[in-house]
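# Provide a 3D model corresponding to the input given below.
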Amino acid sequence: MPDTGHTQDKLTYSGYLRLDRLLTAQEPRSNEHDEMLFIVIHQVYELWFKQLLHEFANLQRLLEAGESTHSMRTLRRILAILKIVVAQLDVLETMTPAQFRTFRDALGTSSGFESVQFRELEATVGRRDFPKWAPQPEAAARPSVFDSFLRYLTTQGYEVPARDFTAPIEASGSMQQILKQVYDDDAGAAVISELLVDLDEGLQEWRYRHVKMVERTIGGQRGTGGSTGAAYLSSTVGKPIFPDLWAMRSLG
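Numbers count the residues shown, from 1 in each chain. Okay, here's the model as predicted:
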């Protein structure tokens, strides 16, 4: 007789979410109250980074297939997640410098610069200018979201010049003219372009909020693991990922 499933173990909320693993993954290295918050916040960040990578992979597939509507929906989901990622800094900023100092030594040589997923996120979007001292992300060897966007534009009838996807994204006058035409046509490609600007702006907001959080927590001190802390983070603030989408606005 066919197995009806009645003999199988009942799936529970806790079992489905693997809460036995999730809720025991917090292992403070000190007895200080605030270390738990520090751990939870960063673990939640890594979960959101995982989801963002999942969504970006889907976005690239949709863009390259010329899917306007579903690309828009996926971009809006990415933007909603990014807002949560930025807002979580509000919780971390409830920790004073004195509270952080009580357990900072317990962090040893670990550093947020070691987040493989965040580097993958930056490379996935289009960043290529990673410092030499940081491990180069695997995504830097693959087409980025920007490159998938260029492929999308070709599916919409625009003649987009070829680009080396392993190279940094540089401003291009010819690309800006194409984007001006995209905006003048005011169709689906223009909506996606604006959503990518929202994404770029959101990532810049994350960088700004992140550096200010570090500054208010440790000031100008070096970060854990020997990183330069706020000094390096400040150097990344204000750099657009999609420069042509900003520069084309000056064309009139």
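
# Which parts of the stretch 51-200 of the chain are helices?
Here the stretch 51-200 of the chain has its helices, by DSSP state H, counting those that start in this stretch, at 68-92, 97-104, 116-125, 145-155, 173-185, 188-218.

# Show me what the third one is packed against.
Which is helix 116-125. Applying 3 or more C-beta pairs under 8 Å, 6 or more residues apart in numbering; DSSP states H and E, one finds that helix 116-125 contacts helix 35-64, helix 145-155. (C-beta placed from N, C-alpha, C; glycine too.)

# tell me what the longest one is packed against?
Yep, that's helix 35-64 we're talking about. Short answer (3+ C-beta pairs under 8 Å, 6+ apart): helix 35-64 packs on helix 68-92, helix 97-104, helix 116-125, helix 145-155.

# Now do the shortest one and helix 35-64, the angle between them.
Interaxial angle, helix 97-104 versus helix 35-64 (axes from the mean of the first three to the mean of the last three C-alpha atoms, to 10 degrees): 90 degrees.

# How about the third one?
Interaxial angle of helix 116-125 relative to helix 35-64 (the same axes, to 10 degrees): 30 degrees.

# Helix 68-92 and helix 116-125, what's the angle between them?
Using the same axes, to 10 degrees: helix 116-125 against helix 68-92 is 140 degrees.

# relative to helix 145-155, how tilted is helix 116-125?
Using the same axes, to 10 degrees: helix 116-125 against helix 145-155 is 30 degrees.

# State the mean pLDDT of helix 116-125.
Looking at helix 116-125 alone, the average pLDDT works out to 94.

# Residues touching it, excluding its own?
46, 49-50, 52-53, 56, 112, 130, 134-135, 137-140, 144-146, 199, 203, 241 (C-beta atoms under 8 Å, 6 or more residues apart in numbering).

# again with the last one
Around helix 145-155, the neighbours that count as contacts under C-beta under 8 Å, 6+ apart are 56, 59-60, 63-66, 71, 124-126, 143, 160, 163, 165, 169, 178, 182, 189, 192, 196, 241-242.

# Show the buried residues in the residues you listed.
Among these, those buried by neighbour count (16 or more other C-beta atoms under 10 Å) are 56, 59-60, 63-64, 71, 124-126, 143, 160, 163, 165, 169, 178, 182, 189, 192, 196, 241-242.

# Would you enumerate the residues in contact with T166?
T166 sits next to R128, A140, A141 when contact means C-beta under 8 Å, 6+ apart.

# Contacts only, for the last one.
Pointing back at A141 there. So A141 contacts T166 (C-beta under 8 Å, 6+ apart).
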